[in-house]
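[1] quick one: sequence and predicted model below, then my questions.
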Amino acid sequence: MFDASYFKTGLLEDLKAAGNKSTVEIHLMNAHAHRVRSVLDAKPTYVAFEAYRQRIDGGRSDQHWQATPSADDASAELVRVIVAYDSIAEIVITPAEDGAAPRIGFVRG
């Protein structure tokens, strides 16, 4: 189970190992997931964080850890979420893609 110490120090260590522009997703026991921008506070029984609002079209702008939201829609893009530690199923940290790495198959333009 996760606790306050993980969100205060452990998560930052994991992100440092993963590299810049990594994404952090918190998956809950009820099958919901949140893409996290930053941790606001970690208390003994819950964590409060800032998350990106899920978009209906499925598209995501630059939603990595501590990304700066665009000025025109910053208030609409972010939400505050409070989660009890015992409701967290997993935390997924995805390193940013290396844009210089060769790709196999179709090239994105």
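    Nice, I can see it. Numbering: from 1, shown residues only.

[2] format the CA atom coordinates belonging to the lengthiest strand in the chain as PDB.
    As assigned by DSSP state E, the longest strand anywhere in the chain is strand 33-42. What follows is strand 33-42 as a C-alpha-only set of coordinates in PDB (Å, rounded to 0.1, in the frame of the first residue of the first chain):
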ATOM      1  CA  ALA A  33      -7.400   6.700 -13.500                       C
ATOM      2  CA  HIS A  34      -6.000  10.100 -13.100                       C
ATOM      3  CA  ARG A  35      -3.000  11.600 -15.000                       C
ATOM      4  CA  VAL A  36      -1.200  13.600 -12.300                       C
ATOM      5  CA  ARG A  37       0.400  17.000 -12.800                       C
ATOM      6  CA  SER A  38       1.700  17.500  -9.200                       C
ATOM      7  CA  VAL A  39       1.200  16.400  -5.600                       C
ATOM      8  CA  LEU A  40      -0.400  19.100  -3.500                       C
ATOM      9  CA  ASP A  41      -0.300  17.400  -0.100                       C
ATOM     10  CA  ALA A  42       0.300  14.000   1.400                       C
END
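
[3] quick check: mean pLDDT of the helix or strand following that strand?
    Under the assignment DSSP states H and E, the closest C-terminal helix or strand after strand 33-42 is strand 46-52. In this model, strand 46-52 has an average pLDDT of 94.

[4] ok, stretch 90-99 next?
    Mean predicted confidence for stretch 90-99 is 83.

[5] and it, C-alpha only, in CSV?
    The C-alpha trace of stretch 90-99 is given here as CSV (Å, rounded to 0.1, in the frame of the first residue of the first chain):
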residue,chain,number,x,y,z
GLU,A,90,-1.2,1.1,-8.9
ILE,A,91,0.9,4.1,-10.0
VAL,A,92,2.2,4.0,-13.6
ILE,A,93,5.2,6.2,-14.5
THR,A,94,5.8,6.3,-18.3
PRO,A,95,9.1,7.8,-19.5
ALA,A,96,8.8,10.4,-22.3
GLU,A,97,9.4,9.1,-25.8
ASP,A,98,12.8,9.9,-27.2
GLY,A,99,12.0,11.9,-30.3
